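A.B. asks: Give me a 3D structure for the following:
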Amino acid sequence: MDFKHQATVTLAEVAQAAGVGESTVSRVLRNHGSFSRKTRDRVMEAVERLGYVPNRIAGTLASAGSRLVAFVIPSLSNIVFPDVLRGASGVLEENQHQAVFSVTDYDPGREEALVAAMLAWRPAAVMLAGYEHTDGTLKMLRASGCRVVEVLDLDGTAVDLAVGFSNRAAGRASADFLLKRGYRRIGYVGHDLERDTRAGKRFAGFCETLSAAGFPLVDREIHAGASSVENGRFGLQRLLARKPDIDAIYFSNDDMALGGYFHCLARGISIPSQLAIFGYNGLDIGRVTPQPLSTIRTPRVATGRVAAELIVANAPPQVVDLGFELLEGATA
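C.D. replies: Next comes the predicted model:
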């Protein structure tokens, strides 16, 4: 049996079926303005019978105040960004805002194209990761008239609102921790530092601290693509093949660090007596491994929640530092 598309049911058809004007149907569906209980029942009965779905986008564009919040995020495979979305979504839903999102894959040019596409819907706010954007993206954001929230980084200058923490400080804290534990031959395993600018800032802060203490980074292994458990495992394998006497490894994030952990388990490398492992993000899985991962825990859900609260409150431009927490764990 062939499926045939029916024409979309219109607001006018609902109004005709309910015996009221289109403006009355609109007020009932938005639950705004005056109408009787009897009128509401008639409208909702017609909506259900006809299978009408309100065009929320059109309603947003026609209203004086948009309730769309556009999220332009680097990735969905990295749990960091879904956590931010989860923190924001509850606040937005409670305040009758609608979240829409798109994914850049860490590509600045793609981010610029997606920001342009999102701004065409005239959202109330745009939320992006970090401070590094193309000149075109920055020009559009500043001219958009909507609120801009940059999250998960405070090392730079905000367009409008910013919520997160200093990645450079996180890198410095990680280096301080390893140095205080007595490690001196320290290496790094990470992913593309040019595309993931926040990872690049952590790496820079880490290396600066090591050099200032007189123990510069021994070697690095950087995968050209995205972070993953697999890339962390094989990255550590390649690094140790070159420098087997390294005593600690700083990973760009917990995904990569867990890959390194699995490599050590497979090769019988004792953690931390033979090799220390340190990550970043504080993922749940890192806390339930046989040896809890030594890492930095970031306030991802709180970042999303606070960012959303600033949006719905139409707060003045500001920077909110939520800090981070160093988890000593058992791998370093």
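A.B. asks: What segments of the stretch 101-250 of the chain are strands?
C.D. replies: Ranges of strands in the stretch 101-250 of the chain, per DSSP state E, counting those that start in this stretch, are 125-129, 147-151, 161-164, 186-190, 219-222, 248-251.
A.B. asks: Give me whichever of the ones you listed is most buried.
C.D. replies: Mean neighbours per residue, mean count of other Cβ atoms under 10 Å, is largest over the strands of the stretch 101-250 of the chain for strand 248-251, with a mean of 29. Where you see a C-beta, it was placed from the backbone N, CA and C, and this is true even at glycine.
A.B. asks: and the gap between the closest residue to T298 other than its chain neighbours and P299?
C.D. replies: Leaving aside its sequence neighbours, T298 sits nearest to F324 (Cβ to Cβ, 6 or more residues apart in numbering; 5.2 Å). When distance is defined by Cβ to Cβ, to the nearest Å, F324 is 7 Å away from P299.
A.B. asks: Equivalent analysis for L141, please.
C.D. replies: In terms of Cβ to Cβ, L141 sits 24 Å off from P299.
A.B. asks: picking that back up, just list the residues touching the residue nearest to T298, thanks.
C.D. replies: F324 is in contact with F165, A169, A170, A173, I296, R297, T298, P299, counting by Cβ atoms under 8 Å, 6 or more residues apart in numbering.
A.B. asks: Which members of those residues occur in helices, if any?
C.D. replies: In this view, these that belong to helices under DSSP state H are A169, A170, A173.
A.B. asks: which of those residues are buried?
C.D. replies: The neighbour count (16 or more other Cβ atoms under 10 Å) marks A169, A170, A173 as buried among these.
A.B. asks: can I get these in JSON lines with distance to I79 and pLDDT?
C.D. replies: Output for those, formatted as JSON lines (distance: Cβ to Cβ, whole Å; pLDDT from 0 to 100):
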{"residue": "A169", "distance to I79": "22", "pLDDT": "98"}
{"residue": "A170", "distance to I79": "17", "pLDDT": "98"}
{"residue": "A173", "distance to I79": "21", "pLDDT": "98"}
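A.B. asks: before we move on, the earlier item: could you dump the contacts of F324 into CSV and include distance to V103?
C.D. replies: Shown next, in CSV, are these (distance: Cβ to Cβ, whole Å):
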residue, distance to V103
F165, 23
A169, 27
A170, 24
A173, 30
I296, 24
R297, 24
T298, 20
P299, 22
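A.B. asks: How far does stretch 170-181 sit from its chain's centre?
C.D. replies: Mean-position distance between stretch 170-181 and its chain equals 25 Å (Cα atoms, centre = their mean, to the nearest Å).
A.B. asks: again with stretch 98-110
C.D. replies: Here the centre of mass of C-alpha atoms in stretch 98-110, compared against the chain's by Cα atoms, centre = their mean, lies 10 Å away.
A.B. asks: Quick one: end-to-end distance for that stretch.
C.D. replies: 23 Å (Cα to Cα, to the nearest Å).
A.B. asks: what bridges to the closest residue to R220 other than its chain neighbours?
C.D. replies: For R220, ignoring the flanking residues on the chain, the nearest one in space by Cβ to Cβ, 6+ apart is Y188 at 4.3 Å. Beta-bridge partners for Y188, by DSSP bridges, are R220, Y250.
A.B. asks: Return the residues in contact with Y188.
C.D. replies: Taking Cβ under 8 Å, 6+ apart as the contact definition, Y188 lies against F203, F206, C207, L217, D219, R220, E221, I222, I249, Y250, F251, S252.
A.B. asks: Mind putting those into CSV with pLDDT and distance to V159?
C.D. replies: Shown next, in CSV, are those (pLDDT from 0 to 100; distance: Cβ to Cβ, whole Å):
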residue, pLDDT, distance to V159
F203, 98, 25
F206, 98, 27
C207, 98, 28
L217, 98, 33
D219, 98, 37
R220, 98, 32
E221, 98, 35
I222, 96, 29
I249, 98, 36
Y250, 98, 31
F251, 98, 31
S252, 97, 26
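A.B. asks: Now distance to F101 too, for the residues you listed, in JSON lines please.
C.D. replies: Written out in JSON lines, the entries for the contacts of Y188 read as follows (distance: Cβ to Cβ, whole Å):
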{"residue": "F203", "distance to F101": "27"}
{"residue": "F206", "distance to F101": "31"}
{"residue": "C207", "distance to F101": "33"}
{"residue": "L217", "distance to F101": "36"}
{"residue": "D219", "distance to F101": "38"}
{"residue": "R220", "distance to F101": "33"}
{"residue": "E221", "distance to F101": "32"}
{"residue": "I222", "distance to F101": "28"}
{"residue": "I249", "distance to F101": "33"}
{"residue": "Y250", "distance to F101": "31"}
{"residue": "F251", "distance to F101": "27"}
{"residue": "S252", "distance to F101": "24"}
